[in-house]
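[1] task: produce atomic coordinates for the following.
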Amino acid sequence: MPGVTHDDAPLLADLMPWSVAPPRLGRGWPAAPDAASLKARWNALVKAEGPDREALFRSTRSRTPHTAVGQLPGRDGGTERLARATGPCPEPVRVLHGPFDEQWLIPDTRLIDAPRPELWRVADEHQIFAVETAGGIPPLLVTSLFPVLRTGRIRPLYRRPGAAEPNLAPGLTDHLAARLGLEVSAVDVLAWAAAMARPAPGGLAVPLTGDPDAWRQGVALGRRTLWLMRRDGERPRLPGGRRPYVRAPLPSRPPAPAYDRGEEALLLGDGRVSPVPPQAWEFEAGGVRVLEEWCASRTRPAEPGTLEAIRPAAWPQTWTSELLELVTVLTLLAELRPLREDSAGSLPAPITPADLHTAGVLPVPASARRPASVLDAREEGPGGQLALI
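    Numbering: from 1, shown residues only. All right, here's what the predicted structure looks like:
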């Protein structure tokens, strides 16, 4: 029997039907690679008055210091107009700021042009976000952190907090379990998508199979991909001889990175990290080298007098540790690419969109494409009033 190809594979948009556009920050200063800088920026903002505060804020059509907005769901940011704010900085939260780039964000809706509150309502320790990369490679990023990337659609794995109500086509896991003779969980489906998703007309295609052995292999590959991308369990390591180390200390303000292919070394001024395999240096997301952009986001000059210019005076040790782990993650992910490519061909026992229509899995009901009604917590509106949801 011929295998399934992308032409007769279902779309991720049908398998995980609820999606949200990525948040739009509108200004750079509420996000940074370190939390201390964010608190210092906030303090500088609230100490400024009148036109000085507005100039620091960087107003847009969506947000000015006088914009009345409600509280970000699940966060403790104030609801008074920012022009009058005097309180402490809301506690920064860890976010995925760019592909494989974990940074910090001040979670205050007054600072964010398009915060996407429906995503914040379902963001908890159980949630996993699948982020489309708008045709990039890899086509799908997976994170346990709140995503603020400027990429494609964001698809939470769960529609409600507490890992309740998977964001999957109704009946999909039951149909797969019946075809495969195996138990199939929501995380299994996401892992399979992480391993198999490919760009296709109309979005990302996710070829499905009814062959148990092929399914097990794909899910195992996908679960390792999820583990490397999420980095929320045991930290990944390379064998001792391949483990990257700092061979020469990084300067306090390193320049843009360079790469010595012969020595497999990442160069930051006089600083030197090796071994850095070529596949880690060349690892791209959205057509941009991940390591290069990660370093640039921490070394790129900021305009004097702006809040972005408030940053560490010297390169923190924590960034070095994060850099070494990033090299490890990219190396291990690059090693999975040949396995992904091997699986990119035909799969046995295909499950096509026509099969899913016959089984009643497709088309998904319109309600599955809309957010669930999440009313378990009160949300504060502008000026401290109770928000109506």
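[2] pLDDT score for residue 338?
    pLDDT, the model's per-residue confidence, is 88 for residue 338.
[3] in the helix or strand hosting it, which residues are buried?
    Under the criterion DSSP states H and E, the helix or strand holding residue 338 is helix 317-343. Of the residues in helix 317-343, those buried by neighbour count under the rule 16 or more other CB atoms under 10 Å are 319-320, 322-334, 336, 339-340, 343. Every C-beta, even on glycine, is put in place using the N, C-alpha and C of the backbone.
[4] check stretch 118-127 too.
    118, 119, 120, 121, 122, 123, 127.
[5] and that stretch, what's its mean pLDDT?
    Throughout stretch 118-127, pLDDT has a mean value of 96.
[6] can you check stretch 151-161 too?
    Taken as a whole, stretch 151-161 has an average pLDDT of 95.
[7] identify the residues contacting it?
    Applying CB atoms under 8 Å, 6 or more residues apart in numbering, the external contacts of stretch 151-161 come out as 12-13, 16, 18-22, 99, 116, 119, 121-124, 126-136, 141, 147, 164-167, 186-187, 190, 286, 371-372, 374, 376.
[8] following element in sequence after the helix holding residue 338, please.
    Sequence-wise, the next helix or strand downstream of helix 317-343 (DSSP H and E) is strand 350-351.
[9] just how off-centre is that next one within its chain?
    Mean C-alpha position of strand 350-351 versus that of the full chain (CA atoms, centre = their mean, to the nearest Å) differs by 29 Å.
[10] name every strand pairing with that strand and say which way it goes.
    For strand 350-351, the pairing partners within the sheet under DSSP bridges are strand 208-209 (antiparallel).
[11] does residue 56 touch residue 43 like I think?
    No: at 11.3 Å, residue 56 does not count as touching residue 43 under the criterion of CB atoms under 8 Å.
[12] those two: which has the busier surroundings?
    More crowded of residue 56 and residue 43, by other CB atoms under 10 Å: residue 56, with 19 against 13.
[13] which residues sit against the host helix or strand of the more buried one?
    Taking DSSP H and E as the criterion, the element that holds residue 56 is helix 50-57. Where contact means CB under 8 Å, 6+ apart, the residues beyond helix 50-57 that reach it are 27, 44, 45, 46, 48, 63, 64, 65, 82, 83, 306, 307.
[14] can you say which of those are buried?
    Among the contacts of helix 50-57, those that count as buried by neighbour count (16+ other CB under 10 Å) are 27, 44, 45, 46, 48, 63, 65, 82, 306, 307.
[15] give the burial count for the closest residue to residue 128 other than its chain neighbours, as a bare number.
    Closest residue to residue 128 in three dimensions, ignoring its sequence neighbours and counting by CB to CB, 6 or more residues apart in numbering: residue 157, at 4.3 Å. The burial metric for residue 157, expressed as a neighbour count using other CB under 10 Å, is 21.
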